[in-house]
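Colleague: Following is a predicted model, sequence given first.
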Amino acid sequence: QKEVEQNSGPLSVPEGAIASLNCTYSDRVSQSFFWYRQYSGKSPELIMSIYSNGDKEDGRFTAQLNKASQYVSLLIRDSQPSDSATYLCAGGHTGGFKTIFGAGTRLFVKA
Amino acid sequence: DTAVSQTPKYLVTQMGNDKSIKCEQNLGHDTMYWYKQDSKKFLKIMFSYNNKELIINETVPNRFSPKSPDKAHLNLHINSLELGDSAVYFCASSQDGTGWVTIYFGEGSWLTVV
């Protein structure tokens, strides 16, 4: 099993819809989880971090963490064409010292 | 002010050449990284330095040699470049080296080996 797994997509949603991005992780990842957004030709930038079970909301973004199921998700409400990007799920390695990234999910928001 | 800056942004070179990428961060972070992102967008850690000390070396060929003269700088030298080295190389930094904190990325260096 990969340490952090994501569906590569592409995920296509209409403007104004909710985009749901999912991520699972192995026992080698724990403690902290992150969602980064990467526009084409640009570097990844942090959208949200989550450390505890449950939901964390920031504007149109909600991160959800379920440690029992080893599952992290990102919901984007009222999706906009400007949200079209690759979303990278990441987690802290259990042994420390490094953050492990998933392969990313490409999101397209159609106007 | 750019938080993590790396140069050059684009690099086209022939197989067998040696090249370097430089990186500097002005965030006061203790830890710096080199990540490689291949054509499939997979972002993989190569090296991690904490206060100038190497803490992660992810089975990277020894043609790749990082060097950290101080905790604000981390350079990457690549010897005998191969076609498979073509990728985007991201320098990054974080407050500490736990792997459990936010990572701040530079703009990337697009390396093409021909």
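Modeller: Looks like it came in fine.
Colleague: where does chain B dip in pLDDT?
Modeller: Counting by pLDDT under 70, chain B contains low-confidence ranges at B:1.
Colleague: centroid residue for it?
Modeller: By C-alpha atoms, centre = their mean, the mean C-alpha position of chain B lies nearest to residue B:34, the distance being 2.8 Å.
Colleague: Check which helix or strand that residue maps to.
Modeller: According to DSSP states H and E, residue B:34 maps onto strand B:31-37.
Colleague: For the residue nearest to the centre of chain B, give me its contacts.
Modeller: The neighbourhood of residue B:34, defined by C-beta atoms under 8 Å, 6 or more residues apart in numbering or on different chains, consists of B:23, B:45, B:46, B:47, B:66, B:74, B:76, B:89, B:90, B:91, B:92. C-beta here means a position set from N, CA and C on the backbone, and glycine is covered the same way.
Colleague: Drop anything exposed from the residues you listed.
Modeller: With burial judged by 16 or more other C-beta atoms under 10 Å in any protein chain shown, the buried subset of the contacts of residue B:34 is B:23, B:45, B:46, B:47, B:66, B:74, B:76, B:89, B:90, B:91, B:92.
Colleague: just checking, which of those residues belong to helices?
Modeller: Secondary structure of these is defined by DSSP state H; no position falls in helices.
Colleague: Could you pull out the buried residues of stretch A:30-40?
Modeller: Going by neighbour count (16+ other C-beta under 10 Å), the buried part of stretch A:30-40 is A:30, A:32, A:33, A:34, A:35, A:36, A:37, A:38.
Colleague: just checking, the third one touches residue A:89?
Modeller: Yes. The pair residue A:33 and residue A:89 passes the contact test of C-beta atoms under 8 Å, sitting 7.2 Å apart.
Colleague: Mutual contacts of those two, please.
Modeller: Shared contacts of residue A:33 and residue A:89, counting by C-beta under 8 Å, 6+ apart, come down to A:23, A:25, A:72.
Colleague: Just the buried ones out of the residues you listed, please.
Modeller: A:23, A:25, A:72.
Colleague: Just confirm the first one is within a strand.
Modeller: Yes. Residue A:23: assigned to a strand according to DSSP: H, G, I helix; E, B strand; the rest coil.
Colleague: okay if I get the shared contacts of residue A:33 and residue A:89 as JSON lines plus pLDDT and distance to chain B?
Modeller: Formatted as JSON lines, the entries for those read as follows, by pLDDT from 0 to 100; distance: C-beta to the nearest C-beta, whole Å:
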{"residue": "A:23", "pLDDT": "95", "distance to chain B": "14"}
{"residue": "A:25", "pLDDT": "94", "distance to chain B": "13"}
{"residue": "A:72", "pLDDT": "97", "distance to chain B": "14"}
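Colleague: ok, the residues you listed vs residue B:9, which is closest?
Modeller: residue A:23 (29.8 Å; C-beta to C-beta).
Colleague: For the closest one, give me its contacts.
Modeller: Neighbours of residue A:23 in contact, by C-beta under 8 Å, 6+ apart: A:4, A:5, A:6, A:33, A:71, A:72, A:73, A:74, A:89, A:102.
Colleague: If we ignore the residues flanking it in sequence, what's nearest the fifth one?
Modeller: Right, the one you point to is residue A:71. The shortest distance from residue A:71 to any non-neighbouring residue, by C-beta to C-beta, 6 or more residues apart in numbering or on different chains, is to residue A:24 (5.5 Å).
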